[in-house]
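[1] sequence first, then the predicted structure, then my questions.
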Amino acid sequence: MEERKNNKHLVILFSVLLFGGLWGIIEATLGTLFHGPIIKDTMFLCSTTILVPIAYFLMGVCYKRTGTFRSVLYMGLFASAIKTISCLIFHMSFNPVFYMLLEASMMGVALLVIRPKEVLSFKGLGTFIIANTLYLLVATFIRLDVTRSTASMVLDNITHYALTLNCIAILYTFVVGAILCGFKVLAVKYNWNFDGIKKVIYHPAFASSMAAVALVLTIVIR
């Protein structure tokens, strides 16, 4: 019994390192690109429509592997801790840290409500929709100074983020999810074996490497 409990803790630990590290790598690379001058003002390609759904997908896979929503919260803490180091070194704003913690918190709430058995499922999509809608609503009010904002300004921001960008993110997620589901059906039909790949990906050394790479990239890339 004690050994099984220790193994579960190790699975949670290395899952958090793996998926939290991948989240950190994506934030450091794609995040820098989407906040750069080329794509910065593009509505259909932005952090809200691309990066946030990827983060939720990684959280969903982490939840499925560990079987506990706590791992999602640990993921948020780990990824945001890496980002905090970068913010301290370059004297940057801590807003990205707060938003990453908020994403993980909203995903935790959504998982508690729906508890999907599969990431690529309608329940999985429903979890994303709940988490993303809650996140964008809360983030909108955090971003705005409600005491100085008019009702029309608040409504415009809610319309832009919680409706327009949210709908685009949901559409992208549905399309990519449908493609992955199709790939999954083909894998089952033709009996494709990914056990070797999974063994490498879920190995503690690989998980630790992803965490280390995320830390280095976050420090090197502003």
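    Noted; the coordinates are in hand.

[2] what about the helices in the chain?
    Under the criterion DSSP state H, helices of the chain are mapped to 2-34, 52-66, 70-90, 95-114, 122-143, 151-158, 166-189, 195-201, 204-220.

[3] now those helices as JSON lines including mean neighbour count, distance to Leu45 and mean pLDDT?
    C-betas here are computed from N, CA, C, even on glycine. Shown next, in JSON lines, are the helices of the chain (neighbours: other Cβ atoms under 10 Å; distance: least, Cβ to Cβ, whole Å; pLDDT from 0 to 100):
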{"stretch": "helix 2-34", "mean neighbour count": "18", "distance to Leu45": "7", "mean pLDDT": "88"}
{"stretch": "helix 52-66", "mean neighbour count": "22", "distance to Leu45": "12", "mean pLDDT": "96"}
{"stretch": "helix 70-90", "mean neighbour count": "20", "distance to Leu45": "22", "mean pLDDT": "92"}
{"stretch": "helix 95-114", "mean neighbour count": "20", "distance to Leu45": "18", "mean pLDDT": "94"}
{"stretch": "helix 122-143", "mean neighbour count": "19", "distance to Leu45": "17", "mean pLDDT": "94"}
{"stretch": "helix 151-158", "mean neighbour count": "13", "distance to Leu45": "20", "mean pLDDT": "88"}
{"stretch": "helix 166-189", "mean neighbour count": "14", "distance to Leu45": "9", "mean pLDDT": "95"}
{"stretch": "helix 195-201", "mean neighbour count": "10", "distance to Leu45": "28", "mean pLDDT": "94"}
{"stretch": "helix 204-220", "mean neighbour count": "17", "distance to Leu45": "21", "mean pLDDT": "95"}
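
[4] distance to Phe44 added to those helices, as a markdown table?
    Written out in a markdown table, the entries for the helices of the chain read as follows (distance: least, Cβ to Cβ, whole Å):
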| stretch | distance to Phe44 |
| --- | --- |
| helix 2-34 | 12 |
| helix 52-66 | 13 |
| helix 70-90 | 25 |
| helix 95-114 | 20 |
| helix 122-143 | 16 |
| helix 151-158 | 18 |
| helix 166-189 | 6 |
| helix 195-201 | 31 |
| helix 204-220 | 26 |
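
[5] which one of the ones you listed lies closest to Met43?
    For those, distance to Met43 was read as Cβ to Cβ. The smallest value, 7.3 Å, belongs to helix 166-189.

[6] and of the helices of the chain, who's closest to Cys46?
    Short answer: helix 2-34, nearest of the helices of the chain by Cβ to Cβ, at 5.8 Å.

[7] for Ala214, what are its contacts?
    By Cβ atoms under 8 Å, 6 or more residues apart in numbering, the residues touching Ala214 are Gly20, Gly21, Leu22, Trp23, Gly24, Ile25, Ala28, Ala79, Ile82.

[8] nearest residue to it other than its sequence neighbours?
    Computed as Cβ to Cβ, 6 or more residues apart in numbering, the closest residue to Ala214 that is not its neighbour in sequence is Gly24, at 3.0 Å.
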